[in-house]
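**Student:** mind folding the following:
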Amino acid sequence: MGFTGRLLTGDTEAQERQWIAVSGVLHLFQIHRHKINYLRRRIAPGTKRRARFPEPGPRPGAILVRRETKSCPTTTYPFPFRFQHKAVGWILGGWTVNGIGTFRTGEPFTARYGSNRSANGDRWSPDRPNLNPGFSPNPTSGVSAGCASVKAGTPLGTPDLYYDPCAFSRPAAGTWGNLGRNTLNGPGLFDTDFSVDKTFKPTERINMQFRAEIFNLLNQAHFYLPGPNAFSGSAGHITSLVAFPGGRLIQLGVKVLF
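**Tutor:** Have a look, this model is predicted:
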């Protein structure tokens with residue numbers, strides 16, 4: 001959908017601004033619509049045209065789009081202390097502390113069958129398994145119920161077994177599984193960064209700032225998503241971090257202004 005036009009000579013400045021705003025919204029809508037249509041299409045093997053693969057009927061906990069919740073509070077506090085002794089004030093006075101917290105719930109992801117079980121020709125193999133009766137579509141807490149590949153009572157929500165693969169079963173050949181899309185929540189991220197800085201003034205014309213920064217102050221491990229294939233040896237296992245090598249990072253810096 002396109003939308004173009006020309007302003008009339010008699011249009012006021014307010015009308016012109018409204019016209020620009022409406023045109024921008026329509027342009028963004030057009031881009032978003034094309035992006036959605038692109039993401040819905042797949043290329044079938046052996047064909048040169050785009051093919052659409054229909055979704056099956058209702059699925060337990062089916063969620064098409066779901067975003068994580070994120071909060072990033074920040075703080076800056078200049079210490080108000082003053083010292084009578086000039087040397088002590090030059091060393092201990094004028095410091096500012098800063099903090100940034102990043103708190104994010106887990107990214108949603110989908111458990112996969114691992115191959116094109118439905119035999120619909122989709123080379124991306126997005127087929128999902130069946131959700132066994134009595135199981136949550138997000139089996140990431142508590143302990144495993146146990147099955148052939150997992151011992152009963154194994155804790156869930158850990159890097160060794162983040163979700164319970166025993167909650168899923170293989171659909172019949174030529175059919176889709178009934179599990180919803182994006183029903184599992186990945187590991188959350190809780191990160192705290194800290195910095196402290198001080199500006200020195202050796203002379204009237206020179207300002208010198210010393211800065212110490214500590215990333216991941218609490219030295220926490222931030223895990224990536226676990227293996228999504230519910231029937232492979234990597235099911236539920238987390239093998240990588242969000243940032244490598246991870247851990248606490250400290251850096252020092254000096255800036256000179258003259």
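**Student:** can you tell me the SS state at the nearest residue to Leu218 once chain neighbours are set aside?
**Tutor:** In this structure, Leu218 finds its nearest non-sequential neighbour in Thr192, 5.6 Å apart by Cβ to Cβ, 6 or more residues apart in numbering. Where C-beta positions appear, they are placed from N, C-alpha and C, glycine not excepted. Put simply, Thr192 is strand when judged by DSSP: H, G, I helix; E, B strand; the rest coil.
**Student:** tell me the contacts of Thr192?
**Tutor:** Gly99, Ile100, Gly101, Thr102, Asn216, Leu217, Leu218 (Cβ atoms under 8 Å, 6 or more residues apart in numbering).
**Student:** taking these, please make a PyMOL selection of just the buried ones.
**Tutor:** Provided next is the PyMOL selection string for whichever of those are buried by 16 or more other Cβ atoms under 10 Å:
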select buried, resi 99+100+102+216+217
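**Student:** would you convert the contacts of Thr192 into TSV that also reports secondary structure, distance to Thr75 and pLDDT?
**Tutor:** Shown next, in TSV, are those (DSSP: H, G, I helix; E, B strand; the rest coil; distance: Cβ to Cβ, whole Å; pLDDT from 0 to 100):
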residue	secondary structure	distance to Thr75	pLDDT
Gly99	strand	5	96
Ile100	strand	8	96
Gly101	strand	8	95
Thr102	strand	13	93
Asn216	coil	17	94
Leu217	coil	13	94
Leu218	coil	16	93
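**Student:** number of residues surrounding Ser240?
**Tutor:** 12 (other Cβ atoms under 10 Å).
**Student:** state the distance from it to Val143.
**Tutor:** Going from Ser240 to Val143 by Cβ to Cβ, to the nearest Å gives 24 Å.
**Student:** what does Arg117 give?
**Tutor:** Here Arg117 is placed at a distance of 28 Å from Val143 (Cβ to Cβ).
**Student:** and these two? Which one has more around it.
**Tutor:** With neighbours defined as other Cβ under 10 Å, Arg117 and Val143 compare such that Arg117 has more, 20 against 15.
**Student:** which element is Asn219 on?
**Tutor:** Following DSSP states H and E, there is no helix or strand that holds Asn219.
**Student:** same question for Trp90.
**Tutor:** helix 86-92.
**Student:** helices or strands next to that helix in the packing?
**Tutor:** The contact analysis (3 or more Cβ pairs under 8 Å, 6 or more residues apart in numbering; DSSP states H and E) places helix 86-92 against no helix or strand.
**Student:** and it, what's buried?
**Tutor:** Buried, per 16+ other Cβ under 10 Å, within helix 86-92: nothing.
**Student:** which other residues reach that helix?
**Tutor:** By Cβ under 8 Å, 6+ apart, the list of residues contacting helix 86-92 reads Phe81, Arg82, Phe83, Phe200.
**Student:** pLDDT weak spots in the stretch 51-200 of the chain?
**Tutor:** 51-68 (pLDDT under 70).
**Student:** so how far is Trp176 from the residue nearest the centre of the chain?
**Tutor:** By Cα atoms, centre = their mean, the chain has its centre lying nearest to Glu107, at 5.1 Å. Separation of Glu107 from Trp176 (Cβ to Cβ): 24 Å.
**Student:** grab the nearest non-local neighbour of Phe135.
**Tutor:** Phe135's closest residue in space is Ala167 (Cβ to Cβ, 6+ apart), at 3.8 Å.
**Student:** so the one you found makes contact with Ser136?
**Tutor:** Yes: taking contacts as Cβ atoms under 8 Å, Ala167 lies within contact range of Ser136: 7.2 Å.
**Student:** the more surrounded of these two?
**Tutor:** Legend: neighbour count by other Cβ under 10 Å for Ala167 and Ser136, higher for Ala167 (25 against 16).
**Student:** burial measure for the residue nearest to Phe79 when sequence neighbours are not counted, as a count.
**Tutor:** What sits nearest to Phe79 in space, not counting adjacent residues and going by Cβ to Cβ, 6+ apart, is Trp95, at 5.0 Å. As a burial measure, Trp95 scores 15 neighbours (other Cβ under 10 Å).
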